[in-house]
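Enquirer: my questions concern the predicted model and sequence given below.
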Amino acid sequence: MAQRKHLDDFLRGRIIGRLECGRTQLEVSEELGIAQSVISRLWKRFQDDGNVSRCYSTGRPRVTTPNEDRYLAVTAERNRRSTASDLSRQFSSATGTTVSRQTVYRRLGHIGLYARRPVRCVPLTATHCRLRLAWNREHALWTPQQWSCVMFSDESRFSLQSDSRRTFIWRAPGTRYHQKNTIERHRYGGAGWLVWGGIILGSRTDLHVLSVTMTGHIYRDVILEQHVRLFRGAMGAEFLFMDDNARPHRANIVDECLQSEDITRMDWPAYSPDLNPIEHVWDMLG
C-alpha cells in the first residue's frame, strides 16, 4: 500500500507540473493516458488548497464502542432465545445508542455467536441415566454377528404443518450439543403421517405409512403380523426384535403376540432414541 501511495503522489505531481508549464489538460490527458475529468478535478483542487496528495478515508464511524459490544455479547449469551430485533431494542434502551438488526448480527458474528436452531432432546432423570449406562455396558462387547440378529424398529411422525414457530438461539460453532443450547421436549403435536420402519444388518423392512394414531391393535395386526413375523421366520431363534417403550408397544395383546410367534424382544432403556441407529434414517427422510 505504501508503494502504491508513493506512485499516486508522484503521478499527481507530474500532472500538476505539466499544467503549471502551460500544457493543456487535453495534452496531459493524452500523454499520460488519464481521463481529462480526473485531471480537471485535480487541477481545481490544487488551485483551491494547494494540495494534491491522495486523501484516505477512514470509512463510516463505528456506532458502538468496545464496551457496548461486550454488553451486547453478554446480553445475547444470557438470553439466547432473544431475536436480533429484541437485542437491538434492549441495547438501545440500556445504552441510548440505536443499532439495527444487521449491526447486531455483525457484532455477534465477530465474537462467534450465530443464530441457530437449538437441539431438541428428551429430559433424563438419574434413573434413566443409570439404566442407559447399564445397557451400554451390557452390550459393549457384542460382536458383529450378534448385532446382525437384531432388528431395530421405530416409528416417526412427519408433520404436515409448517414449522413457523421454530426458535433460534445464539450459539458459537462447536457448541451444538451443550446443555444450554438444547430444548427438552417429550411430545410433538400437529397433524401428520406416521411412518414405521425396521432395519437389520444387510436388510430392511418396507416403510409402512399410517394416517392414524398407533394403537396396540394396529401395532399387532399391521406391524408385527405383516413385517416382524416374516423376519423371525427367516432368521430363526437367534432373531432379536428391538422397539422402544411406547405404550402401544407394551400393550398386553402385543406381548401375547410376541410370545405366540416366539419373538424375543430386546430390553430397551427408556428415553433412549439416540441409541437406536434407525433414528438416522428419520433424519435423512425428514
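Expert: Everything's here; your move.

Enquirer: pretty sure Leu11 sits against Leu32.
Expert: Yes - shown here, Leu11 and Leu32 form a contact pair, counting by C-beta atoms under 8 Å, at 7.3 Å. Glycine gets a C-beta too; all of them are placed from N, C-alpha and C.

Enquirer: so what sits against both of these two?
Expert: Taking C-beta atoms under 8 Å, 6 or more residues apart in numbering as the contact rule, Leu11 and Leu32 touch no residue in common.

Enquirer: so where is the stretch 151-286 of the chain shaky, pLDDT-wise?
Expert: When residues are selected by pLDDT under 70, those of the stretch 151-286 of the chain lie in 159-166, 184-191, 285-286.

Enquirer: please, where are all the helices along the chain?
Expert: 2-20, 25-32, 36-49, 66-78, 84-95, 101-110, 126-139, 144-147, 216-218, 229-235, 252-260, 279-285 (DSSP state H).

Enquirer: between those helices, which gets nearest to Gly198?
Expert: The minimum distance between Gly198 and the helices of the chain falls on helix 229-235, with 7.5 Å, by C-beta to C-beta.

Enquirer: if we can go back for a sec, point out the one among the helices of the chain that comes closest to Trp193.
Expert: For the helices of the chain, proximity to Trp193 was assessed by C-beta to C-beta; helix 279-285 is nearest, at 10.9 Å.

Enquirer: mind giving me the packing neighbours of that closest one?
Expert: Taking 3 or more C-beta pairs under 8 Å, 6 or more residues apart in numbering; DSSP states H and E as contact, the helices and strands that helix 279-285 lies on are strand 150-159, strand 192-200.

Enquirer: take these and write them to TSV, including distance to Asn181 and mean neighbour count.
Expert: Output for the helices and strands packed on helix 279-285, formatted as TSV (distance: least, C-beta to C-beta, whole Å; neighbours: other C-beta atoms under 10 Å):
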stretch	distance to Asn181	mean neighbour count
strand 150-159	23	20
strand 192-200	26	18
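
Enquirer: can you add mean neighbour count and distance to Ile199 and give the helices of the chain back as JSON lines?
Expert: Rendered in JSON lines, the data for these read as follows (neighbours: other C-beta atoms under 10 Å; distance: least, C-beta to C-beta, whole Å):
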{"stretch": "helix 2-20", "mean neighbour count": "13", "distance to Ile199": "63"}
{"stretch": "helix 25-32", "mean neighbour count": "15", "distance to Ile199": "75"}
{"stretch": "helix 36-49", "mean neighbour count": "13", "distance to Ile199": "71"}
{"stretch": "helix 66-78", "mean neighbour count": "15", "distance to Ile199": "40"}
{"stretch": "helix 84-95", "mean neighbour count": "16", "distance to Ile199": "42"}
{"stretch": "helix 101-110", "mean neighbour count": "16", "distance to Ile199": "40"}
{"stretch": "helix 126-139", "mean neighbour count": "13", "distance to Ile199": "17"}
{"stretch": "helix 144-147", "mean neighbour count": "10", "distance to Ile199": "11"}
{"stretch": "helix 216-218", "mean neighbour count": "15", "distance to Ile199": "21"}
{"stretch": "helix 229-235", "mean neighbour count": "15", "distance to Ile199": "11"}
{"stretch": "helix 252-260", "mean neighbour count": "14", "distance to Ile199": "19"}
{"stretch": "helix 279-285", "mean neighbour count": "12", "distance to Ile199": "7"}
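
Enquirer: which one of these lies closest to Pro118?
Expert: helix 66-78 (14.1 Å).

Enquirer: can you name every helix or strand that that closest one contacts?
Expert: With contacts taken as 3+ C-beta pairs under 8 Å, 6+ apart, helix 66-78 sits against helix 84-95, helix 101-110.

Enquirer: out of these, the one nearest Asn252 is which?
Expert: Using C-beta to C-beta as the criterion, the shortest distance between Asn252 and those is 51.2 Å, found for helix 84-95.
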